[in-house]
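>>> task: produce atomic coordinates for the following.
(one chain, ligands or ions: 1)
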Amino acid sequence: MRLMVSGGGTGGHIYPALAVINELKRQDPDAEVLYVGSHRGIESKIVPDLGIPFEAMTIQGFKRSLSLENFKTVYLFLKSVHQAKKLVRSFKPDVVLGTGGYVSGAVLYAAAKQHIPTVIHEQNSVVGMTNKFLSRYVDKIAINFEDARAQFPADKVVMTGNPRAQEVANIKSDFSLSAFNLKDDVPTIMVVGGSQGALKLNQVMVEALPELAKKSYQVVFVTGPKRYDHVMSQVNKMVSADNISIQSYINNMPEVLPKLAGVVGRSGATTLAELTALGVPSILIPSPYVTADHQTKNAMSLVNANAALMIKEADLTNQTLVSAMDELMNDDQKRSAMAAAAKKLGKPKAATEMLSLLKEVSQS
Ligand SMILES: CC(=O)N[C@H]1[C@@H](OP(=O)(O)OP(=O)(O)OC[C@H]2O[C@@H](n3ccc(=O)[nH]c3=O)[C@H](O)[C@@H]2O)O[C@H](CO)[C@@H](O)[C@@H]1O
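Here you go, the predicted structure:
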């Protein structure tokens, strides 16, 4: 199979795409893949580092209000469509998959206009702007939350789950927490604000660190790559603790996640697919800065199933955070009940189902 994939801007769009590529390579080592991303998105670093053929385009997002920038955006979009058409003509994909982000808008639109079979994946319960636009043109739409179904043309929708779930569920991890200077036999919780880090969570964590340094559990605090130096400049003034490790970004999350007793984080859809695939209990702090408050909706699907606790960002302080972390980490029974509830929501066959859909569409 010749598979062209496009998705970018943020980890939540990129990792599901990479999981599909991994599953394709596992089933068919001779398959040819081309990943098309944007220059500015983190895919331009992550994808080539994995040795996956990568082409980058220049593209930018629409402003929600009318502005001159939007004219530039339309110009760049049309230019990207033109460039994407050329890439499609030269790569000759059997099928093109889009996993979200502006760049996938141009690539999938270009492919559909050239009558190449197309599929998009919507990770969230509330449909993103790019996928809403593309839904008119593509052949099939794979979803992860039932709530997304009614927002798309009914005959195109297929429930697959998020392919990243299968990738993390299948990993045999021999990761040691010693890589973070922590012990393997002490329960450990990770605090991570999605793929970019979260400003408020970082601020509150910096304030909470002296308290967390006294706990019997360990904490891996992931700041986000762009926020690491700022956090460290504040933390350096404090006493270091041997139960706390501060990291800027985790490159091998599928290996690290199985070693964790809990996660504190944003409720991005791909993060939730990972937590439920493995059955990791969590404390979720939905980002209030996303379209239609979709992270609260994502989080509620776990909270309602007793798989997660939730703190609204407006209520997030070092006290509310530490007390929720204590509630989770000091009660083994509660933690294992939450873990079991999370695992029930997992979709560990999602990558295989996605690939079946791609094959079916490519042959129709
Ligand atoms: C602010 C924003 O617009 N967020 C959106 C974005 O979030 P974001 O990109 O944060 O997406 P998710 O939380 O869904 O996924 C983050 C991904 O990055 C990985 N990771 C994270 C940190 C790290 O150090 N290493 C690492 O590998 C996680 O394991 C996960 O695979 O896309 C999601 C999926 O469409 C949406 O639901 C989110 O609302």
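>>> and stretch 3-16, average pLDDT?
Average pLDDT, stretch 3-16: 95.
>>> and if you look at stretch 106-113?
Stretch 106-113 carries an average pLDDT of 97.
>>> show me how far it is from its chain's centre.
23 Å (Cα atoms, centre = their mean, to the nearest Å).
>>> what's the answer for stretch 105-125, then?
19 Å.
>>> again with stretch 138-145
On the basis of Cα atoms, centre = their mean, stretch 138-145 sits 17 Å off its chain's mean C-alpha point.
>>> could I get the buried residue list for stretch 320-328?
Neighbour counts over stretch 320-328 (16 or more other Cβ atoms under 10 Å) mark 320-322, 324-325, 328 as buried. For every residue, glycine as well, the C-beta is placed using N, CA and C.
>>> what about Asp147, neighbour count?
16 (other Cβ atoms under 10 Å).
>>> quick check: the gap between Glu69 and Ile21.
As defined by Cβ to Cβ, to the nearest Å, Glu69 lies at a distance of 33 Å from Ile21.
>>> neighbour count winner among those two?
Ile21 (22 against 13).
>>> state whether the more buried one is indeed within a strand.
No - according to DSSP: H, G, I helix; E, B strand; the rest coil, Ile21 belongs to no strand; its state is helix.
>>> pretty sure it contacts Leu34?
No - counting by Cβ atoms under 8 Å, Ile21 does not reach Leu34; the two are 10.1 Å apart.
>>> return every residue with contacts to both of those two.
The contact sets of Ile21 and Leu34 overlap at 3, 5 (Cβ atoms under 8 Å, 6 or more residues apart in numbering).
>>> residues contacting the helix or strand hosting Asn70, please?
If you go by DSSP states H and E, Asn70 is part of helix 68-91. Residues from elsewhere that reach helix 68-91, judged by Cβ under 8 Å, 6+ apart: 2, 4, 32, 34, 36, 55, 57-63, 96, 102-103, 105-107, 109-111, 113-114, 116.
>>> return the subset of those lying in strands.
Mapping the contacts of helix 68-91 onto strands (DSSP state E) picks out 2, 4, 32, 34, 36, 55, 57, 96.
>>> give me the neighbour count for the fifth one.
This means Val36. Using other Cβ under 10 Å, Val36 has 31 other residues around it.
>>> and it, what does it touch?
Counted by Cβ under 8 Å, 6+ apart, Val36 has contacts 4-6, 54-57, 84, 87, 103, 107.
>>> which sections of this protein are below the confidence cut-off?
60-68, 237-240 (pLDDT under 70).
>>> all strands of the stretch 151-300 of the chain, in order?
Using DSSP state E, counting those that start in this stretch, the strands of the stretch 151-300 of the chain run over 157-159, 188-192, 218-222, 244-247, 262-265, 282-284.
>>> what is the fourth one packed up against?
Packing partners of strand 244-247 (3 or more Cβ pairs under 8 Å, 6 or more residues apart in numbering; DSSP states H and E): strand 218-222, helix 228-235.
>>> please redo it, this time with the cut-off set to 6 Å
strand 218-222 (3 or more Cβ pairs under 6 Å, 6 or more residues apart in numbering; DSSP states H and E).
>>> over to the fifth one?
If you count contacts as 3+ Cβ pairs under 6 Å, 6+ apart, strand 262-265 packs onto strand 188-192.
>>> wouldn't Lys156 be in contact with Ala142 here?
No - counting by Cβ atoms under 6 Å, Lys156 does not reach Ala142; the two are 9.6 Å apart.
>>> and His121, which of the three is it?
The local conformation at His121, judged by three-state DSSP, is strand.
>>> what about it, neighbour count?
29.
>>> now swap in the one 5 residues further on and tell me
Around Val126 sit 20 other residues, with neighbours defined as other Cβ under 10 Å.
>>> and what of the one 4 residues further on?
Number of residues near Thr130 (other Cβ under 10 Å) recorded here: 26.
>>> so how far is Ser195 from it?
Thr130 is 17 Å from Ser195, by Cβ to Cβ.
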